[in-house]
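Enquirer: Could you work out the structure for the sequence below:
(6 chains)
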Protein chains: 4
Amino acid sequence: MGLKERREREKEARKKQILDAARKLLFKKGLQATSINQIARTAELGIGTIYFYYQSKEDIFASLQEEGLEILFRNIEALTKTELYPEDQLRQTAAAYLTFSIEQKDYFDIINYFLSSPQVMFEPDLKSQVDLKGGRIVSLIIGFIESGMAMGRFTAVDARKFALAFWGALYGLIQFRKLEKTVLDGEDHKAVFDYAVEQFIARLMADK
Amino acid sequence: MGLKERREREKEARKKQILDAARKLLFKKGLQATSINQIARTAELGIGTIYFYYQSKEDIFASLQEEGLEILFRNIEALTKTELYPEDQLRQTAAAYLTFSIEQKDYFDIINYFLSSPQVMFEPDLKSQVDLKGGRIVSLIIGFIESGMAMGRFTAVDARKFALAFWGALYGLIQFRKLEKTVLDGEDHKAVFDYAVEQFIARLMADK
Amino acid sequence: MGLKERREREKEARKKQILDAARKLLFKKGLQATSINQIARTAELGIGTIYFYYQSKEDIFASLQEEGLEILFRNIEALTKTELYPEDQLRQTAAAYLTFSIEQKDYFDIINYFLSSPQVMFEPDLKSQVDLKGGRIVSLIIGFIESGMAMGRFTAVDARKFALAFWGALYGLIQFRKLEKTVLDGEDHKAVFDYAVEQFIARLMADK
Amino acid sequence: MGLKERREREKEARKKQILDAARKLLFKKGLQATSINQIARTAELGIGTIYFYYQSKEDIFASLQEEGLEILFRNIEALTKTELYPEDQLRQTAAAYLTFSIEQKDYFDIINYFLSSPQVMFEPDLKSQVDLKGGRIVSLIIGFIESGMAMGRFTAVDARKFALAFWGALYGLIQFRKLEKTVLDGEDHKAVFDYAVEQFIARLMADK
DNA sequence: GATGAATGAGCCTTCATTCAT
DNA sequence: GATGAATGAAGGCTCATTCAT
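Expert: As a prediction, the model looks like this:
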């Protein structure tokens, strides 16, 4: 069984090796310009080897997307350990998301790629992964809202629905950064973004 | 003099012919699968002819995006002529957007394509087009909000910021439809979407 | 006949207009990147009009080549009016050629294009033009050599053959400038060029 | 171990196969008309396969150019093993070059292509190849001159400079063959070429 | 004389994927 | 397990030239 374990460990190591190469290229060249051939060359592995560990190019990027979501998750999770008021935890959540979209642009792009891609990809296996990762972030937000309600700082709301609405709204507003020079015109993107966040928080804190 | 005019008209007809072919393919095969070669074949024109009328593939898609935005704009504009309360105009606006994203899925995809594409495309000329079209929709929303304030139904808000926040939130929430089976899990997408809309409207109608 | 003359003059003006555009583009974009379409646009004429005045793209460039040769010719012709010794006239001729290849690089490239092009182009009409222009430069060199012989400064040589040998050698040596970093390695191109010139002159002045 | 070697050998064979096809087309259709597609078709290989072995079209032509220079080199190298006087070795060198330009016209054209192309191509790797091949020919000429000086048949000269001057002059004079019907007019090209060669040799043998 | 829309063969290149070894 | 040579459809795009008006 030691053999089996070693096999397993080596297999993981190879997958990591491939992912490292893919990530490196993604960050250097962007999503479009990263090809399997390049990943193989960078990973110092044969092309066939890549295909042994990952079913397709999309599969690799899905893993990278997971990584990105994990980073974002941890950033927000850190807020649960703070002494901040729930409303501030939500503010920080929004800020963390926006920051992530700027500073971890490549990860954000890849998440975007999967989300806004017209085709319905997400094969069953990938689906549950996204569920796990993405859903956990929503769970954190639900937690903030529930703690706010428990503390009596927030009005009673459907925490799950509210969290999804909040999270979805943030996503859309982040995209608008690309329109800063056009649709937003004079308006500062950050200001609009924060303004939207405040609307949600004001709703939570209504009548208090 | 009739000559020049006819030339002009024929030129417009040709552009329309190309756009028709591009739209047809886009709707049948999706964005990725639509190539210039196919457009030319479908339009029964030479490839070079396509390039005579449009500078690039992107240029054609930009025109199609404009078309989509125009449709969406008209749908929302129609609401300005109704006797609905402003809050209902906003509800209908949201509904119109969601409906558009479903029923005119291909137009929505192409708008998405330009919005979520990582590269900064949009050369100056295209920029102003988007500004014009996309911005006009935001203007309609601003109008609803302002009329609501004027009627005393709405709290005083920064109408422009609010409209942008509203519009951006809707955009993000529409995207979440793809996650209905995963992140949303049991939750009905439409319900979440409507819930989010109600949050914004509740904000506007607070203290009234 | 005044009509005929005006026609003629206008025709010349149009040709000049086209040539101006072609030259401008040639100098800005280089030989390869200059297309008929661009020439037409730059000249503010229809594409068809270009073809009315010139049979082909090659035809335009041939005219430009002529221009270049004319400039080079005048530069060398100027030396005939100097009081320089014939050997110095030859030195200056070589220097003028080298300078021309550097400072009027685009003209030199186009001359090169026609000379080193594998296909035998040069239709009868173009042939005589080149003959006229290129040949006249050789004639100038013959003149220098003959005057040198007449003055008793030069050994008796076959002036025509010598001039052609001299001129051809210069042409080849100028090309070597591109090899400065490779074949020439440490060697300074100008030094090699001058060295070659001196060999020819030393031959002329042998036993004197 | 035999496996690896065979792989290597097969790889070489494939490269040769591609080069054979490219050469065949080059010789049949000329430089301009030879495209990657045709090379692939002629070689009975996929287009992608060509690109697997060569980075670009230019890369293939560079290899062909190398071949040409190699042939020329060997022709001249053969002269080093003769008992000819150095001056005759130089005469034969010139003759070999001229013959090569006629009989191996396509190879000469391709060398020309790289030499007279306005763009500065030759990436570092290609540069050193040309250096190696082209430079070796110059080295042979230097050898002839030095042996002539050693034998006391030649005047003392800067052998390297003289060799470069000689070689460059030959190159230019060979080009003039295209002008036989125009600039050279009545003059026989071969006669002019030989005349030029004799000038150089006379220089070397001056005062002897 | 002048126009300019239309052509379409052909260009070079990319790349995810397969499969025999 | 690992390899990497081979594929070939498809991509976007250029451009000299023609010809009906």
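
Enquirer: so is the residue of chain A found nearest chain B in a helix, a strand, or just coil?
Expert: Of all residues in chain A, the one sitting closest to chain B is residue A:172 (2.3 Å; Cβ to the nearest Cβ). (Each C-beta comes from the backbone N, C-alpha and C, glycine too.) Under DSSP: H, G, I helix; E, B strand; the rest coil, residue A:172 falls in the helix class.

Enquirer: Likewise for residue A:154?
Expert: coil.

Enquirer: show me the contacts for the residue nearest to the spatial centre of chain A.
Expert: Against the mean C-alpha coordinate of chain A, by Cα atoms, centre = their mean, the closest residue is residue A:69 at 3.3 Å. Residues near residue A:69 by Cβ atoms under 8 Å, 6 or more residues apart in numbering or on different chains: A:111, A:130, A:133, A:134, A:137.

Enquirer: if we can go back for a sec, which residue packs closest to the residue of chain A closest to chain B, ignoring adjacent ones?
Expert: Once flanking residues are discounted, residue A:172 sits nearest to residue B:172: 2.3 Å by Cβ to Cβ, 6 or more residues apart in numbering or on different chains.

Enquirer: can you tell me how far the one you found sits from chain D?
Expert: Distance of residue B:172 to chain D, given as Cβ to the nearest Cβ, to the nearest Å: 41 Å.

Enquirer: could you list every residue that touches the residue in chain A positioned nearest to chain C?
Expert: Proximity of chain A to chain C (Cβ to the nearest Cβ) peaks at residue A:33, 25.2 Å away. Contact criterion Cβ under 8 Å, 6+ apart gives residue A:25 as the residues in contact with residue A:33.

Enquirer: Output the below-cut-off pLDDT ranges for chain A.
Expert: For chain A, applying pLDDT under 70 flags the ranges A:1-2, A:117-131, A:208.

Enquirer: what does it put close to DNA strand E?
Expert: A:32, A:33, A:35, A:36, A:37, A:47, A:48, A:51, A:56, A:57, A:58 (Cβ under 7 Å from any atom of the strand).

Enquirer: are any of those buried, and which?
Expert: Among the residues of chain A next to DNA strand E, the ones that count as buried by 16 or more other Cβ atoms under 10 Å in any protein chain shown are A:36, A:58.

Enquirer: which of the residues of chain A next to DNA strand E lies closest to residue C:143?
Expert: When the residues of chain A next to DNA strand E are compared for distance to residue C:143 (Cβ to Cβ), residue A:33 wins out at 61.4 Å.

Enquirer: Is the closest one in a helix, a strand, or coil?
Expert: coil.

Enquirer: where exactly do the helices run in chain A?
Expert: A:2-29, A:36-43, A:47-53, A:57-80, A:86-103, A:105-116, A:124-150, A:159-175, A:189-204 (DSSP state H).

Enquirer: Run through who's touching the third one.
Expert: This means helix A:47-53. Residues outside helix A:47-53 that contact it (Cβ under 8 Å, 6+ apart): A:11, A:14, A:15, A:18, A:36, A:37, A:39, A:40, A:43, A:60.

Enquirer: rerun at 7 Å
Expert: Residues from elsewhere that reach helix A:47-53, judged by Cβ atoms under 7 Å, 6 or more residues apart in numbering or on different chains: A:14, A:15, A:18, A:36, A:37, A:39, A:40.

Enquirer: gap between residue A:52 and residue A:40?
Expert: Noted for residue A:52: a distance of 11 Å to residue A:40, by Cβ to Cβ, to the nearest Å.

Enquirer: Specify which residue of the two has the higher count of neighbours.
Expert: A count of neighbours by other Cβ atoms under 10 Å in any protein chain shown puts residue A:40 above the other of residue A:52 and residue A:40, at 19 against 13.

Enquirer: Surely that one touches residue A:57?
Expert: No. Look at residue A:40 against residue A:57 with Cβ atoms under 7 Å: they stay out of range, at 11.2 Å.
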